[in-house]
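Trainee: Sequence and predicted structure below; questions after.
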Amino acid sequence: MSKKDLELMSDLQDVLENGEVILCKNSTINGEIRVKRGGMKEGLIHLISHRISERALNKKTKMDVELAKTETTAVLFLAINNINKAPAIKEKNGNYGIYHKGIKTIITKDKKGHYVLSGYDNKETKKEATESINAVIAQYGNTPEFLGIYAQVGAVISSNHILPQAEEKS
């Protein structure tokens, strides 16, 4: 297990639990990239809401809520871990995409002009993304750091009413 990965997981838990901000660098973006808790339209809460809606609420996938939370935890880690792993590519809409291990990490500028983590995508590389997600779960799924993020993902889901109450209890 990489000490750096476990430290990132611990930092990620702090962001979700305490509203801390992680500052990251990418070689092709001039400035720091902020990873923050955010809300339903930005930040980690947005990523959690999007992933849970995509996996547990989508009628086509209708994934078990616990598995969706586990996958969401892995996706959060991968999206943030990607930031310094590959060059950012400027897209037509002005956002940046960082492609690594089947996950595209999306970076935008916020209203204050700061670069922020604003999303992820895996539509074009589902197979590679699934393999990466499963590898993170297999490698880190039982570590206290991963389980800490998992618990915070559950707290975000509950406090933001992302799932209907009947789904949350299952």
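Mentor: In hand now; what should we look at? Residues are numbered from 1 along each chain as shown.
Trainee: switch to C-alpha atoms for all contacts and neighbour counts from now on
Mentor: OK.
Trainee: For the protein, which segments count as strands?
Mentor: For the chain, the strands defined by DSSP state E cover 22-24, 33-35, 88-90, 96-100, 103-109, 115-121.
Trainee: Which one, of these, ends up nearest to Leu8?
Mentor: The closest of the strands of the chain to Leu8 is strand 22-24. By CA to CA, the value is 8.9 Å.
Trainee: Where does the prediction get shaky in this structure?
Mentor: Using pLDDT under 70 as the threshold, the predicted model of the chain has low-confidence ranges 1, 164-170.
Trainee: Just want the most central residue of it.
Mentor: In the chain, the C-alpha nearest the mean C-alpha coordinate belongs to Leu76, at 2.2 Å (CA atoms, centre = their mean).
Trainee: ok, back up a step: what's the closest of the strands of the chain to Val65?
Mentor: Ranking the strands of the chain by proximity to Val65 (CA to CA) places strand 115-121 first, at 19.9 Å.
Trainee: Parallel or antiparallel, which strands does that closest one pair with?
Mentor: Strand pairing for strand 115-121, determined by DSSP bridges: strand 33-35 (parallel), strand 103-109 (antiparallel).
Trainee: could I get these as a markdown table with mean neighbour count and distance to Leu8?
Mentor: Compiled in a markdown table, those are given as follows (neighbours: other CA atoms under 10 Å; distance: least, CA to CA, whole Å):
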| stretch | mean neighbour count | distance to Leu8 |
| --- | --- | --- |
| strand 33-35 | 21 | 11 |
| strand 103-109 | 23 | 16 |
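Trainee: Save those as CSV, and put in distance to Arg51 too.
Mentor: Converted to CSV, the strands paired with strand 115-121 look like this (distance: least, CA to CA, whole Å):
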stretch, distance to Arg51
strand 33-35, 17
strand 103-109, 13
